[in-house]
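> predicted model and sequence follow; I will ask about them next.
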Amino acid sequence: MKRLIFIFGLLALVVLSNSCKDDDAEFSDCWQEPKKTQLKFTLLEGPDISLPSKVSIFFKVTDENNNPVGYLTEDDFIIYEKGVNDSCPRKISEFEAERKISGREQVFNHSTLLVLDLSGSVLQQSLQQVKDAANAFVDQIVPPLPDPSISMGIYWFDGEDVLHELEPVTTSLVDLKNAINGISPNISTDNSTDLYGAVIKVDSKADSILALYKAADVTSATSIVLFTDGEDRANRYPKQSAYDVVAQSPKEISWFTLGVGNEINAIDLQKIGRNGFFQAASISKLTEVFKQIANVVNNEANSYYFFEYCSPIRSGDKNGLIIEANIVDDNEIGFLQTVFDATGFTGGCQL
C-alpha cells in the first residue's frame, strides 16, 4: 500500500537559512521545501483553535492532474511546528500531540447528481443497458445502510425544456434503485436531446444543494455525472452558455461526463466534464465505464479531510505548522502552509 506522509503547515515558509543546513547536527530534522510538487492542498477552513490546545484544519488533496487523493488516515500524517524559539520546523511526535481525522458525517456532506439522457435513441435501443449501468453506479456510491454524509439524486432529460426529477436527493439506496428500475420506454414524449439545457439546469440544482448545507453551517461538495449517447439537437440554449456555466461553477462542484457510441460530440463532453470525460465504445461497455466513474467520485468524496491535533506549543500568535504529502512509491510530494495562534494554550487537550 502506498505510504503517504502529510505535513500540515502554518506560517509562510521562507527558504531555510544557513542554520538549517543538513550538515548542521542541531537542525538535522529541519524540513526542506521540496523543489517539485505534484500534490495539491486546498485549504477550505481553518486553522481554527480551541482551548486548551486543539488545532483544527479542513482541506482537500488532489494530484497534479486534479484527481482527488482519498482515504487517508491519521497514520498518514506527520506534524511539524515552528515556535518562537525554533530556527526550523520541528517534527511533533504522536506522543506529544494526539491527532485524528473526524468522521466525515460530522463536518462534510457529499452529494452526487446523476443525469441521464432518456431521449428517443436511448429509450428505443438501449434502455435496459442504461438501467443496468445506472444501478451499478448507484451501488458503488451509496452505502446499503444510509450514511447522512453521502446522498444522491437522479435526473433525466429529453427534448423538453425541463430537467426531470427521477428521484430527489436521498441517502436511500433502495429508493434510488427503485426509481431506476421504474423507468419505462414511454417515460418521454419528446425524442430530441436538450443537452445544453440539462447542463444549465443541473448546475442550478447543485448550487441550491450547496446553499442549503452552507445555511446549516456544513461544508459540502457535489459531483455531477452526466450520461448521453448523442449531442444537443434541441438547440434551445447556446453551446457557449453551457460551457460558461461549467467554467463559472464553484470548485465545490465537480463535473463528469460519459458518452457512448459514435454520435456523441466529444469536444462538448470534454468541455462539460471539466473533472473527467469518459467514453464507452459501445453500449455493452457502459456498466464498466460507469464503475470507473464511481471510483473517481468515491475518491472525490473522500479527498476532504477534517484534521485535528493537540499542539504542544503553549504561546505565540504566529506559530508555524507545515503539512507535506509524500507518496514515496509514486515520487509525489506536496505541502500546505499557514499560521495559528497558541495564546492561552495549556495542557489537558483531548480529542
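Perfect, I can see it now.
> what are the ranges of the helices in the stretch 151-300 of the chain?
173-181, 195-215, 239-248, 266-272, 286-301 (DSSP state H, counting those that start in this stretch).
> to S223, which of these lies closest?
helix 286-301 (4.9 Å; Cβ to Cβ). Where C-beta positions appear, they are placed from N, C-alpha and C, glycine not excepted.
> who touches that closest one?
Contacts to helix 286-301, defined as Cβ atoms under 8 Å, 6 or more residues apart in numbering, come from residues 67-71, 104, 110, 112, 126, 129-130, 132-134, 136-137, 140-141, 150, 221, 223, 225, 227, 254, 256, 258, 260, 275-276, 278-280.
> alpha carbons of it, as CSV, please.
Provided in CSV are the C-alpha atoms of helix 286-301 (Å, rounded to 0.1, in the frame of the first residue of the first chain):
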residue,chain,number,x,y,z
LEU,A,286,-21.4,1.1,-20.3
THR,A,287,-21.6,-0.6,-16.9
GLU,A,288,-17.8,-1.0,-16.9
VAL,A,289,-17.2,2.7,-17.5
PHE,A,290,-19.9,3.8,-15.1
LYS,A,291,-18.0,1.8,-12.4
GLN,A,292,-14.8,3.7,-13.4
ILE,A,293,-16.6,7.0,-12.8
ALA,A,294,-17.9,5.7,-9.5
ASN,A,295,-14.4,5.1,-8.3
VAL,A,296,-13.4,8.6,-9.2
VAL,A,297,-16.5,10.0,-7.4
ASN,A,298,-15.8,8.0,-4.3
ASN,A,299,-12.2,9.3,-4.2
GLU,A,300,-13.6,12.8,-4.6
ALA,A,301,-15.9,12.4,-1.7
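> quick one: distance of it to the chain centre.
Averaging C-alpha positions (Cα atoms, centre = their mean, to the nearest Å) puts helix 286-301 13 Å from its chain's average.
> about what we covered before: JSON lines for the helices of the stretch 151-300 of the chain, including mean neighbour count, distance to C88 and mean pLDDT?
Formatted as JSON lines, these follow (neighbours: other Cβ atoms under 10 Å; distance: least, Cβ to Cβ, whole Å; pLDDT from 0 to 100):
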{"stretch": "helix 173-181", "mean neighbour count": "17", "distance to C88": "50", "mean pLDDT": "98"}
{"stretch": "helix 195-215", "mean neighbour count": "19", "distance to C88": "39", "mean pLDDT": "96"}
{"stretch": "helix 239-248", "mean neighbour count": "15", "distance to C88": "42", "mean pLDDT": "97"}
{"stretch": "helix 266-272", "mean neighbour count": "18", "distance to C88": "45", "mean pLDDT": "96"}
{"stretch": "helix 286-301", "mean neighbour count": "19", "distance to C88": "34", "mean pLDDT": "92"}
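> closest one to D76 among these?
Nearest of the helices of the stretch 151-300 of the chain (Cβ to Cβ): helix 286-301, 14.7 Å.
> tell me the helix or strand right after that closest one.
Moving toward the C-terminus from helix 286-301, the next helix or strand (DSSP states H and E) is strand 304-310.
> average pLDDT for that next one?
Here strand 304-310 scores 88 as its mean pLDDT.
> residues touching L351, list them.
54, 98-100, 308-310.
> again, but for K131
Neighbour list for K131: 180-181, 183 [criterion: Cβ under 8 Å, 6+ apart].
> buried stuff in stretch 310-318?
Residues of stretch 310-318 classed as buried by neighbour count (16 or more other Cβ atoms under 10 Å): 310-313, 316.
> distance to L44 added to those, as JSON lines?
Shown next, in JSON lines, are these (distance: Cβ to Cβ, whole Å):
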{"residue": "C310", "distance to L44": "21"}
{"residue": "S311", "distance to L44": "20"}
{"residue": "P312", "distance to L44": "25"}
{"residue": "I313", "distance to L44": "23"}
{"residue": "G316", "distance to L44": "24"}
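> just these now: which is nearest I267?
For these, the nearest to I267 is S311 (50.6 Å; Cβ to Cβ).
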